[in-house]
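Visitor: Give the three-dimensional model of this entry:
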Amino acid sequence: MRVIAGKFKSRQLRTLRGNALRPTSDRLRETLFDILGDAVQDSVFVDLFAGTGAIGIEAISRGAQRAIFVEHHAAAVKLIRDNLKSLETVAEAEIFPLDAMRGLEKLAAQRATVDFIFFDPPYAQAREYERILEFIGSAEILAATGLVIAEHTKKLELPLFAEMLERTRVVVQGDSALSFYRTAKAA
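Guide: Prediction:
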């Protein structure tokens, strides 16, 4: 696995052996960041279910001011730390060694405002998508122009609305899909 673009372009990232993680493919990561474009510059980017940290690291590589990695598996937390150290980019990163919901609750308690929240729970945990979307849609952590992006199997239909969030786009690539959410406009 490698960083696609930016200041760490082509740098290799370590991953865990076996099926413990399902990293986002290089191709899907490239598609995601092509869509986000220059908006990543100077942003605060949250990578839930961070795994290897590849999504948040890609955001930092492309100019994000800060990336917050939320991951509760100890081996994956160590892997994220190792990947960040190898890139000498620890200062731009914060790791919450918590499950996704507790990480979001911590951000809400800190009254944080973030520009992007990317999440990719294990596909077998389909209920997590709605729980997370509903929490983000009701908490005031997403910037007014912010985006929530969920990676999921293309067979899973995510809700059009979740509290104050509205799905604005779905991009399918292979067996995976990215669903994009924004704060719904008040009527």
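Visitor: Which single strand of the chain contains the most residues?
Guide: strand 142-153 (DSSP state E).
Visitor: residues in contact with that strand?
Guide: For strand 142-153, the surrounding residues in contact (Cβ atoms under 8 Å, 6 or more residues apart in numbering) are 24, 28, 32, 36, 39, 44, 113-120, 123, 129, 132-133, 136, 158, 165, 175-183. (Glycine included, C-beta is placed from N, CA and C.)
Visitor: What are the contacting residues of whatever helix or strand Ile136 lives in?
Guide: Assigned by DSSP states H and E, Ile136 belongs to helix 126-138. For helix 126-138, contacts defined as Cβ under 8 Å, 6+ apart pick out 48, 100-101, 104-105, 117, 119, 121, 142, 148, 150, 152, 156, 158-159, 161-165, 181, 183.
Visitor: give me that answer again for 6 Å
Guide: Contact with helix 126-138 is made by 104, 119, 121, 148, 150, 158, 162-165, as judged by Cβ atoms under 6 Å, 6 or more residues apart in numbering.
Visitor: Adding secondary structure, pLDDT and distance to Leu16 as columns, could you present these in a markdown table?
Guide: Formatted as a markdown table, the contacts of helix 126-138 follow (DSSP: H, G, I helix; E, B strand; the rest coil; pLDDT from 0 to 100; distance: Cβ to Cβ, whole Å):
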| residue | secondary structure | pLDDT | distance to Leu16 |
| --- | --- | --- | --- |
| Leu104 | helix | 98 | 24 |
| Phe119 | strand | 97 | 19 |
| Pro121 | coil | 92 | 17 |
| Val148 | strand | 98 | 26 |
| Ala150 | strand | 97 | 22 |
| Leu158 | coil | 96 | 27 |
| Ala162 | strand | 95 | 31 |
| Glu163 | coil | 94 | 34 |
| Met164 | coil | 95 | 36 |
| Leu165 | strand | 97 | 31 |
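Visitor: can you give me the strands for this protein?
Guide: Using DSSP E, strands in the chain cover 44-48, 66-70, 93-96, 114-119, 142-153, 161-162, 165-173, 176-183.
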